[in-house]
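**Q** structural data only, the sequence is not supplied:
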């Protein structure tokens with residue numbers, strides 16, 4: 001019986017989005033906003049960045065300030081798979097790490113489902129994950145909004161204290177920790193922080209620290225039930 005669940009971020013956690021994919025997404029988001037909102041490209045780019053910084057996601061700002069924008073149309077336009085997939089760079093050792101990590105694994109991404117599914121299939125890791133959850137399956141709620149995490153837990157019929165979250169974003173991990181999840185900050189530029197239980201510079205390190213994190217999670221879960 002599974003008692004704990006690994007919640008994996010996708011971009012810059014399972015693959016190196018900074019190697020080219022984020023630039024593609026940002027370009028297509030900007031072009032879409034310029035067309036739909038009748039803005040010059042420089043203003044559309046500034047608006048995209050403003051909403052991302054203010055709300056954690058460009059779409060979150062659009063839904064608040066431009067309700068005429070169709071969220072699904074925006075997500076499809078800004079994640080052109082035929083351009084994205086050739087730029088995909090999985091993290092080294094990904095497949096072996098997922099094989100060695102005990103427990104069920106779920107992808108919890110701010111990207112849309114079609115993007116999450118296509119990337120996991122292209123990386124040949126889809127069979128390692130029990131669920132793939134994109135924002136269009138999560139009421140368009142984004143990390144680090146606490147309700148996004150609670151909605152995922154409700155879908156999985158689990159409590160936050162059963163979760164170990166692996167993410168490259170400290171803001172996302174801060175919310176997870178507040179809700180009672182164990183947290184691992186992933187990435188080559190990580191360093192110890194109060195809102196994380198551990199850091200992992202790469203997949204090899206993640207596998208090495210997994211037993212300790214699991215024991216910590218189990219103790220935390222037992223204490224929360226007492």
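**A** Sure, I can see it. Since we're looking at a predicted model, the values are computed, not measured.
**Q** what's the nearest residue to residue 99 if we skip its chain neighbours?
**A** residue 128 (7.3 Å; CB to CB, 6 or more residues apart in numbering). Glycine gets a C-beta too; all of them are placed from N, C-alpha and C.
**Q** for that neighbour, give me phi and psi.
**A** For residue 128, the backbone dihedrals (degrees, to the nearest 10) come out as phi -80, psi -20.
**Q** also residue 15?
**A** In terms of degrees, to the nearest 10, the main-chain angles of residue 15 are phi -140, psi 160.
**Q** number of nearby residues for it?
**A** Other residues near residue 15 come to 21 when the count uses other CB atoms under 10 Å.
**Q** mind listing what it touches?
**A** Listed by CB atoms under 8 Å, 6 or more residues apart in numbering, the contact partners of residue 15 are 21, 88-91, 94, 119, 123.
**Q** cool, residue 198 as well?
**A** Residues near residue 198 by CB under 8 Å, 6+ apart: 183-185, 209, 212-213.
**Q** partners of it in the sheet?
**A** On the basis of DSSP bridges, residue 198 is bridged to residue 184.
**Q** gap between the helix or strand bottoming out on mean pLDDT in the chain and the chain center?
**A** Every helix and strand of the chain was ranked by mean pLDDT, DSSP states H and E. The lowest is helix 203-225, at a mean of 83. On the basis of CA atoms, centre = their mean, to the nearest Å, helix 203-225 sits 20 Å off its chain's mean C-alpha point.
**Q** and the contacts of that helix?
**A** Taking CB under 8 Å, 6+ apart as the rule, helix 203-225 contacts 3-4, 91-94, 96-97, 100-103, 159, 161-162, 164, 166, 180, 182, 184, 186, 197-200.
**Q** which residues in this protein form strands?
**A** Secondary structure of the chain (DSSP state E): strands located at 5-8, 104-108, 131-133, 163-167, 182-186, 198-200.
**Q** domain parsing for this protein?
**A** 5-16+89-225, 19-84 (automatic domain parsing).
**Q** can you count the residues close to the residue nearest to residue 28 when sequence neighbours are not counted?
**A** Nearest residue to residue 28 in three dimensions, chain neighbours excluded: residue 78, at 4.5 Å (CB to CB, 6+ apart). When counting by other CB under 10 Å, one arrives at 23 neighbours for residue 78.
**Q** I'd like to know how far the spatially closest residue to residue 117 that is not a sequence neighbour sits from residue 115.
**A** In space, and not counting its chain neighbours, residue 117 is closest to residue 132: 5.7 Å by CB to CB, 6+ apart. From residue 132 across to residue 115, the span is 10 Å (CB to CB, to the nearest Å).
**Q** quick one on the thing from earlier: from the contacts of helix 203-225, which would you call buried?
**A** Neighbour counting by 16 or more other CB atoms under 10 Å classes 4, 91, 94, 97, 101, 161-162, 164, 166, 180, 182, 184, 186, 197-200 among the contacts of helix 203-225 as buried.
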